[in-house]
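Novice: 3D, please:
(chains A and B)
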Amino acid sequence: MTLRLHNSLTGTKDVFEPLEDSHVRMYTCGPTVWNFAHIGNLRAFLFYDLLRRHLQVAGYRVTHVMNITDIDDRILDQAMHAGTTIAEYTKPYAEAFFEDMKMLRVRPAEHYPRATEHIQEMIRMISTLLERGNAYVADGDVYFRIASFPHYGELSHLDREGLRAGARVAADKYDKESVSDFALWKKAQPGDEKIGAAWDAPFGKGRPGWHIECSAMSKRYLGDTLDIHAGGVDLMFPHHENEIAQSEAANQRQLSRFWLHSEHLADATGEKMSKSAGGFTTLRDLIAAGHDPLAIRLFLIANAHYRSRLRLSEESLHAAGEQVRRLQDFARRLKLPVAPKDGGRLAERVAEVRHAYREALDDDLNLPQGLGHVFELLREANAALDSGEVGEAAARELLLLMADVDAHADVSAAQDTTLAAEVEQLIAQREAARKARDFAAADRIRDELRDRGIALEDSKEGVRWRRVAKV
RNA sequence: GGCGACGUAGCCAAGUGGUAAGGCAGAGGUCUGCAAAACCUCCAUCCCCAGUUCGAUUCUGGGCGUCGCCUCCA
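Specialist: Residues are numbered from 1 along each chain as shown, chains lettered A, B, ... in the order given. The predicted structure follows:
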């Protein structure tokens, strides 16, 4: 089993091996907590989760660091308007982020460093860059001197000429040597201190630029060279390019061996969802609209490969919801008593599918393909269950397969097993009515439960129920 | 203008130089008191044109279309 990952640095799928045996150090760009995360943001975070989970499946210990950006221009503006401090302003959004992660069953990272708690590390790195001549002070701001870093642009494959042609005119506001030089430190403006957004530094009171936090915090928690750095495609330039320039100029070491980028989520019109363009959807919106968080989870990680654009639609969310239901129903069937012995060669087939599933995931995390194999087998296995041909050996293999799937998808584990006593009573009443062949009464009870969001299914093994969307 | 990606059934989507996984939706059927679930059957020649090849959806070139990045951005 060889894990291959698409590396933006080389533009190809490369065999992944960590620097340190069996231990992966991974840094992923987290949320800027100036607002609720929209589900395009969440797609990226779920991509990190898929990556992390698969690295663990592949046998690695993972140290995952995900930053919380709690200072940037938008936060400053908002806090200023709200008449509060940036710490107070960002608090509820940071909390909402963790709630979202929990609802979507994202496995927590080892560290969630916040930018405002690592100002000293940033100041140290900026000082190093100044000493080395990679940075300069201009009117209280500190800029990175791109001319001092010949490799600039190699990740995003943008050359200096292209940058110059595309650069917006910023010279009116800043006193930079070159228009593409970027800020490491921004001089404090009136009012910044009052909202808790100004820090003392050898080069003057101010606040960090956007990019330096990732360089400083990844070094602090993971060292000079990471195995993997991941983010959304829109971060490739300038953010990741700038991180590379800062870190490699300061540390004289490669920042990351693998760079992974996830594609955008598009809205219903097919265009990238973005906060500034207005009209974005949050997890809360989708849940309020009746979507199961697990359906949203599966949609985001499995409806399309992570490097393909994904379009948000009711239909796709519904399809994902049906897939979740099928996986859950199947997992539940497996818990029932099995047949005395196996018929056919199902156990072998399951072993084949387990292998194919693993290979798909090893091939740059191709979960959509892996699940394709699984659903194909699900049909065969359900048929075998229907005809009582699933014995212990096949059932054992099937449970292993479902565990394989849950290692990534994590949607099939039965949830919500407690029923209110009243509902249990209604089910019992209906059973009594059915025995007495009073089907009118039985159907009345079933309809009533359906209205309350509980669907009943009569099977050979007894009555099953599950939660469904209320009508 | 520069760089790049994509275009597969009603919708979503995987994929390969040798006649297209899977899911949703739809139609018919088995089972069921009825339903639901499950299962069975049906439903595509892969944007267009040219080229390479014994053979291309898969490679090359051109065209059309959609989208992304070019310092707010997951």
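
Novice: Can you get me a residue count around the residue in the stretch 151-300 of chain A that RNA strand B sits nearest to?
Specialist: In the stretch 151-300 of chain A, no residue comes nearer to RNA strand B than A:G232, which is 1.7 Å away by C-beta to the nearest atom of the strand. No exception for glycine: its C-beta is placed from N, CA and C like everyone else's. Burial measure for A:G232: 20 neighbouring residues, criterion other C-beta atoms under 10 Å.

Novice: Next: A:S127.
Specialist: A count of neighbours around A:S127, defined by other C-beta under 10 Å, yields 16.

Novice: how close does it get to RNA strand B?
Specialist: 21 Å (C-beta to the nearest atom of the strand, to the nearest Å).

Novice: Can you pull the phi/psi pair for the residue of the stretch 151-300 of chain A closest to RNA strand B?
Specialist: For A:G232, the backbone dihedrals (degrees, to the nearest 10) come out as phi -80, psi 160.

Novice: So for it, what's the nearest residue that isn't a sequence neighbour?
Specialist: Take A:G232 and drop its neighbours on the chain: the residue closest to it by C-beta to C-beta, 6 or more residues apart in numbering is A:A44, 4.4 Å away.

Novice: In three-state terms, how would that neighbour be classified?
Specialist: helix (DSSP: H, G, I helix; E, B strand; the rest coil).

Novice: Equivalent analysis for A:T63, please.
Specialist: For A:T63, the secondary structure call by three-state DSSP comes out as strand.

Novice: Run through the strands of chain A in chain order.
Specialist: Taking DSSP state E as the criterion, chain A contains strands spanning A:4-7, A:12-15, A:23-28, A:61-66, A:135-138, A:141-144, A:182-187, A:206-208, A:226-232, A:256-262, A:265-266, A:310-311, A:454-459, A:462-467.

Novice: Now render those strands as TSV, adding mean pLDDT.
Specialist: Putting the strands of chain A into TSV (pLDDT from 0 to 100) gives the following:
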stretch	mean pLDDT
strand A:4-7	96
strand A:12-15	93
strand A:23-28	98
strand A:61-66	98
strand A:135-138	94
strand A:141-144	95
strand A:182-187	95
strand A:206-208	96
strand A:226-232	97
strand A:256-262	97
strand A:265-266	94
strand A:310-311	94
strand A:454-459	88
strand A:462-467	83
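
Novice: so how far is stretch A:434-441 off the chain centroid?
Specialist: Relative to its parent chain, stretch A:434-441 has a centroid offset of 49 Å by C-alpha atoms, centre = their mean, to the nearest Å.

Novice: Would you mark the buried spots in that stretch?
Specialist: Neighbour-count burial for stretch A:434-441, counted by 16 or more other C-beta atoms under 10 Å, picks out A:R434.

Novice: Can you tell me how far A:L50 is from RNA strand B?
Specialist: 14 Å.

Novice: Got the confidence number for A:E177?
Specialist: The per-residue pLDDT reported for A:E177 equals 87.

Novice: hang on, the earlier thing: contacts only, for the residue nearest to A:G232.
Specialist: With contacts taken as C-beta atoms under 8 Å, 6 or more residues apart in numbering, A:A44 has the following neighbours: A:29, A:231-232, A:262.

Novice: I figured A:R311 hits A:A268, correct?
Specialist: Yes. Counting by C-beta atoms under 8 Å, A:R311 sits close enough to A:A268 to count as a contact (7.2 Å).

Novice: Run through the residues that contact the residue nearest to A:N41 when sequence neighbours are not counted.
Specialist: Counting by C-beta to C-beta, 6+ apart, the nearest residue to A:N41 once its immediate chain neighbours are dropped is A:P31, at 6.1 Å. By C-beta under 8 Å, 6+ apart, the contact set of A:P31 is A:37, A:41, A:45, A:68-69, A:93, A:97.

Novice: Same list, these, but only the ones touching RNA strand B.
Specialist: By C-beta under 7 Å from any atom of the strand, the members of the contacts of A:P31 lying near RNA strand B are A:N41.

Novice: ok, back up a step: the more surrounded of A:R311 and A:A268?
Specialist: The residue with more neighbours, out of A:R311 and A:A268, is A:R311; 17 against 12, by other C-beta under 10 Å.

Novice: quick one: the more buried one from RNA strand B, how far?
Specialist: As judged by C-beta to the nearest atom of the strand, A:R311 and RNA strand B stand 6 Å apart.

Novice: now chain A, which segments are flagged as low pLDDT?
Specialist: In the predicted model, chain A carries pLDDT under 70 at residues A:160-174, A:275-279, A:414-418, A:470-471.
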